[in-house]
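A.B. asks: all I have is the shape, not the residue letters:
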């Protein structure tokens, strides 16, 4: 299995809703990432997890709350989002930190989030 | 944080034409990766270049890494509509696991 699976593929939520995005990989990768991407722009890093521990938070607002329940799963909990948070949210994984340089990431297909 | 400058930002060409996309930095890259992202999908790794002067080929795509490891190019020969997408160069950090992307080149190939 060489895939990163993200669910749901599309999500529409109101500004008072609470929702969660899910990411799963079974490649034995120990580093996982959340990125946010606006249309026609490059992905921007949000969070880095290494061995199920949060290692980097790129000053992301607290209305985004990541969670790594085990080595295969990564969640992003959403609460009280704003319309400007509408974007494609990408999950990615790599074997470990250091392997990024030579082997890069495996990305999921993303969740297209619309906040109304 | 190293800045990766990509050019051009947008490219619209006819099927069969050739094109080149550039990625530059003022600092030396440890290595450089190229990704392609199709609409509605995540980026997919095309190649990693590591050694200065390196040339790699992937079917009609040719990737070059500058001798000084400060620039890279992606050349597509005889572009096809299936090549349409967002092309991203990126540099990874072994210390943090971060992957930093260039601004991207949106390519449209018309039949």
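C.D. replies: All right, it came through fine. Note that the structure is predicted; figures quoted are calculated from it, not measured. Numbers count the residues shown, from 1 in each chain, chains lettered A, B, ... in the order given.

A.B. asks: any idea which helix or strand in chain B has the lowest mean pLDDT?
C.D. replies: Taking mean pLDDT, DSSP states H and E as the measure, the helix or strand of chain B with the lowest value is strand B:99-101, at a mean of 93.

A.B. asks: pairing partners for it, with directions?
C.D. replies: The strands beside strand B:99-101 in its sheet (DSSP bridges) come out as strand B:85-92 (antiparallel).

A.B. asks: which residues touch the strand it pairs with?
C.D. replies: By Cβ atoms under 8 Å, 6 or more residues apart in numbering or on different chains, the surrounding residues in contact with strand B:85-92 are A:40, A:42-43, A:100-101, A:104, B:2, B:4, B:6, B:21, B:23, B:25, B:29-39, B:43, B:72, B:74, B:98-102, B:104-107. From N, CA and C alone the C-beta is placed, and that goes for glycine too.

A.B. asks: same question for it, mean pLDDT?
C.D. replies: Summarised as a single mean, pLDDT over strand B:85-92 is 95.

A.B. asks: figure out how far it is from the centre of its chain.
C.D. replies: With Cα atoms, centre = their mean, to the nearest Å as the basis, strand B:85-92 stands 5 Å off its chain's centre.

A.B. asks: check stretch A:67-84 too.
C.D. replies: From the chain centre to the centre of stretch A:67-84 is a distance of 7 Å (Cα atoms, centre = their mean).

A.B. asks: same question for stretch B:101-111.
C.D. replies: In terms of Cα atoms, centre = their mean, the centre of stretch B:101-111 is set 10 Å apart from its chain centre.

A.B. asks: just the buried residues of that stretch, please?
C.D. replies: Buried residues in stretch B:101-111, counting neighbours by 16 or more other Cβ atoms under 10 Å in any protein chain shown, are found at B:101, B:102, B:103, B:104, B:105, B:106, B:107, B:109.

A.B. asks: quick one: end-to-end length of that stretch, please.
C.D. replies: 29 Å (Cα to Cα, to the nearest Å).

A.B. asks: ditto for stretch B:41-59
C.D. replies: 22 Å.

A.B. asks: next: stretch A:2-12.
C.D. replies: Using Cα to Cα, the end-to-end distance of stretch A:2-12 comes out at 29 Å.

A.B. asks: and the contacts of it?
C.D. replies: The set of residues external to stretch A:2-12 that reach it, using Cβ under 8 Å, 6+ apart, is A:19, A:21-25, A:27, A:89-93, A:106-114, A:116, B:42.
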